[in-house]
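Student: Here is the input, now give the coordinates:
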Amino acid sequence: MGIPHTLWVATLLNKLDAFQTMLQKAEGDAADILQMVRWQKQLYLSKPQLQNLPAARHIVEESDKFIRDYGKHKMEDAAYREFLLSLVLNFHETAESLEKIRVEIEPELHKLEEHLVLSVASLEKAHHEYLVKLQGL
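Tutor: Numbers count the residues shown, from 1 in each chain. Below is the predicted model of the structure:
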């Protein structure tokens, strides 16, 4: 005897839902903003190539503030944009320092800057790609 029709339909709908969620997450996920900021802070605190940069202290301090504020009240999309925009010069300093050891992060940084005016999900994705590059140091 086969699978009952209703179970088959429910299974199919669950698989379609999972696939749709996967496609949406591939475009970025605004729900991961806090995770990105925590990861950024950890990278600038622990990676030797980052922790001694002049920009590192500021990035860590601003990340701490964002994390604290995020827990106090519902953050608006604009707060994440403003946070990253406030760090763009520090990110460029990071890129310049890393070029000296032949690490190229400018493409990821430019993508992040381009996405500052797009959806928060796409901005989160660009931020993620930037952090992945730093993680690889």
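
Student: What count of nearby residues applies to Ala56?
Tutor: Neighbourhood size, Ala56 [other Cβ atoms under 10 Å]: 20. Quick note: C-beta positions are derived from backbone N, CA and C, even for glycine.

Student: so what's it up against?
Tutor: Going by Cβ atoms under 8 Å, 6 or more residues apart in numbering, Ala56 touches Tyr44, Leu45, Leu50.

Student: need the residues you listed in JSON lines with secondary structure, distance to Glu93 and pLDDT, can you?
Tutor: Formatted as JSON lines, the contacts of Ala56 follow (DSSP: H, G, I helix; E, B strand; the rest coil; distance: Cβ to Cβ, whole Å; pLDDT from 0 to 100):
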{"residue": "Tyr44", "secondary structure": "helix", "distance to Glu93": "12", "pLDDT": "98"}
{"residue": "Leu45", "secondary structure": "helix", "distance to Glu93": "17", "pLDDT": "97"}
{"residue": "Leu50", "secondary structure": "helix", "distance to Glu93": "11", "pLDDT": "96"}
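
Student: for the chain, what are the low-confidence residue spans?
Tutor: 1-2, 5, 7-28, 73-75 (pLDDT under 70).

Student: at 80 instead, please
Tutor: Scanning the chain for pLDDT under 80 picks out 1-28, 71-77.

Student: Helices of this structure, residue ranges please.
Tutor: Using DSSP state H, the helices found in the chain span residues 5-26, 33-46, 48-51, 54-72, 77-99, 106-114, 120-135.

Student: which one of those has the most crowded surroundings?
Tutor: The highest mean neighbour count among the helices of the chain, using mean count of other Cβ atoms under 10 Å, belongs to helix 120-135: a mean of 19.

Student: so what does that helix touch, helix or strand wise?
Tutor: Applying 3 or more Cβ pairs under 8 Å, 6 or more residues apart in numbering; DSSP states H and E, we find helix 120-135 packed against helix 33-46, helix 77-99, helix 106-114.

Student: Nearest to Lys133 among those helices would be which one?
Tutor: helix 106-114 (4.9 Å; Cβ to Cβ).

Student: Put the alpha carbons of the closest one into PDB.
Tutor: Below are the C-alpha coordinates for helix 106-114, written out as PDB (Å, rounded to 0.1, in the frame of the first residue of the first chain):
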ATOM      1  CA  GLU A 106      38.200  45.500  -2.000                       C
ATOM      2  CA  PRO A 107      35.600  43.600  -4.200                       C
ATOM      3  CA  GLU A 108      33.700  42.500  -1.100                       C
ATOM      4  CA  LEU A 109      33.900  46.000   0.400                       C
ATOM      5  CA  HIS A 110      32.700  47.600  -2.800                       C
ATOM      6  CA  LYS A 111      29.700  45.200  -2.900                       C
ATOM      7  CA  LEU A 112      28.900  46.000   0.700                       C
ATOM      8  CA  GLU A 113      28.900  49.700  -0.100                       C
ATOM      9  CA  GLU A 114      26.700  49.200  -3.200                       C
END
